[in-house]
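A.B. asks: generate coordinates for the sequence data below:
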Amino acid sequence: MNNEKIEKLAKEIRIKPGVIDDSRIITDAANALDRITAARALAARMGLWRKIMNSKITKFAVAAAVIIAAVFSVKIIGSSATPAYAFEQTIQANHSVRFLHIKDFDAQHSSDEPKEFWVECDESGRVKNVRSYFPEWSEKDDGAKVVVWSEGKTTVWFKKKNSLLTVREEKVADEMLKLVQECDPRMAVERLYEQEKQNKVKLEVNEPSDKTKNIKVTADTTSSGRREILYVDQATKLVTAIEFYQLKDGVYQLDGTEEFYDYNQPIDPAMFNLDKEVPSDATKIDQVNQEVGLAQGNLSNDEVEVEVAKQFFEALIAKDYAKAGKLLEGMPADKMEEMFGRIKFLRIVSIGKPAPHPIPATGGVVVPCVVEIEVNGKTGEQRFDRLGVRQVYNKPGRWTIFGGI
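C.D. replies: The predicted structure follows:
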């Protein structure tokens, strides 16, 4: 559990003065809701690797989608060439790749561990499995995380929070294929080759006479001040690295480097299965093997948003932690009892009208609620001013509780 977020959210909890002196129990439980916040903003559209990779990736379900998209959003070279060497050989070499290991180094964190990605394609070239690793420095809010996409589902392990999220991702494969076609390093040389014909960039190719040294392909886009340098192994004709620069004050400054390893070296299948890596005591939120949230049916959006809040607190009143957990993004029943079991929810005092969430990127609303509770034999009214409600990720027509209170 993220202690900083808990402490922050604790300030939002207000017990009616003079009724309950010890609010620690209720704040501990209520604050735990913040751990499953899942902002829906796509920090940047797919296809701009550096923009996405430097954006603040948010939590859980959407985090999974954005990260998986980012895996294939390797910077667009934006150029091509009539080459000084057999470019077609490099194109063919890169098209034959089935396994690839990518390391992404940020210029401002050159001494830190890089982001890493492992990609497996099937014999027809379709993306089969993806694993990505985001170190602590790149994910200040969530902490280090591992993301695996396989067989139409995404699993995200938040190491610092000791939480595991699994969501269905049927559309990601098609989106990734588009990105592979546009941005994958295997296609970078082909992009250079085609776009040079359109006179979009200025290209310089340096082929050393020493065959042990890499061919250096420099592509300058004068309109944007971008420079990208590809390094191509002379023996294999495979891209080994891409450097990215931005023109600032008349000087090209290094933005980052991506290095490519283990071309066609089979990746251990265990890399795409987190079962043995995740601790047994991790909180596991599964949105694939259970129905999460409440079906909208014939209710309007406003009506179902209120109904979700109502049923959530009714479940807590009845101590039906399994139902309450399904309404809370799929939180396991035992964790719900751990979070709320020490609180006796007595009745719903009021449920207000849904209002836009203060963070629009969440894609949800807040439903203000007042609930009468009992803690240690003392009763009082607890306000939940920021109870978030929105549609379940990737499941239109189902609605869930999310976020802080």
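A.B. asks: where is the longest helix in this structure?
C.D. replies: When the chain is parsed with DSSP state H, its longest helix is helix 301-317.
A.B. asks: and it, what's buried?
C.D. replies: By neighbour count with 16 or more other CB atoms under 10 Å, helix 301-317 contains the buried residues 304-309, 311-317. Placement of C-beta: from N, CA and C, glycine included.
A.B. asks: I'd say Q311 and L327 touch.
C.D. replies: Yes. Using CB atoms under 8 Å, Q311 is in contact with L327, at 6.2 Å.
A.B. asks: which neighbours do these two share?
C.D. replies: L294 (CB atoms under 8 Å, 6 or more residues apart in numbering).
A.B. asks: D334 and K161, how far apart?
C.D. replies: 17 Å (CB to CB, to the nearest Å).
A.B. asks: neighbour count for the two, which is higher?
C.D. replies: K161 (20 against 13; other CB atoms under 10 Å).
A.B. asks: the more buried one against D142, yeah?
C.D. replies: Yes. K161 is within contact range of D142, at 7.1 Å (criterion: CB under 8 Å).
A.B. asks: surely L192 is within a strand?
C.D. replies: No. L192: not assigned to a strand; according to DSSP: H, G, I helix; E, B strand; the rest coil it is helix.
A.B. asks: domain assignment for this structure?
C.D. replies: Domain segmentation of the chain under automatic domain parsing yields 3-36+290-402, 49-261.
A.B. asks: now those domains in CSV, with mean pLDDT and distance to A282?
C.D. replies: Listed next are these as CSV, based on pLDDT from 0 to 100; distance: least, CB to CB, whole Å:
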stretch, mean pLDDT, distance to A282
domain 3-36+290-402, 80, 10
domain 49-261, 72, 5
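A.B. asks: what's stretch 251-266 in contact with?
C.D. replies: By CB under 8 Å, 6+ apart, stretch 251-266 touches 50, 74-75, 96-107, 185, 227, 236, 238-247.
A.B. asks: what segments of the chain are helices?
C.D. replies: Under DSSP H, the chain gives helices at 3-10, 24-31, 49-54, 60-71, 87-95, 172-183, 185-196, 301-317, 321-327, 333-340.
A.B. asks: what residues does the residue lying closest to F312 once chain neighbours are set aside make contact with?
C.D. replies: Computed as CB to CB, 6 or more residues apart in numbering, the closest residue to F312 that is not its neighbour in sequence is L327, at 4.6 Å. Going by CB under 8 Å, 6+ apart, L327 touches G293, L294, V308, Q311, F312, A315, T400, I401.
A.B. asks: redo those as JSON lines? Include distance to E258.
C.D. replies: Supplementary listing: these in JSON lines, determined by distance: CB to CB, whole Å:
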{"residue": "G293", "distance to E258": "38"}
{"residue": "L294", "distance to E258": "43"}
{"residue": "V308", "distance to E258": "43"}
{"residue": "Q311", "distance to E258": "47"}
{"residue": "F312", "distance to E258": "44"}
{"residue": "A315", "distance to E258": "48"}
{"residue": "T400", "distance to E258": "37"}
{"residue": "I401", "distance to E258": "39"}
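A.B. asks: out of those residues, who's nearest E277?
C.D. replies: T400 (27.1 Å; CB to CB).
A.B. asks: how about the residue nearest to the closest one when sequence neighbours are not counted, phi and psi?
C.D. replies: Spatial nearest neighbour of T400, chain neighbours left out: G293 (3.7 Å); criterion: CB to CB, 6+ apart. With angles defined as degrees, to the nearest 10, G293 sits at phi 80, psi -170.
A.B. asks: and the one 4 residues further on, by the same measure?
C.D. replies: Taking degrees, to the nearest 10, you get phi 60, psi -130 for the backbone angles of G297.
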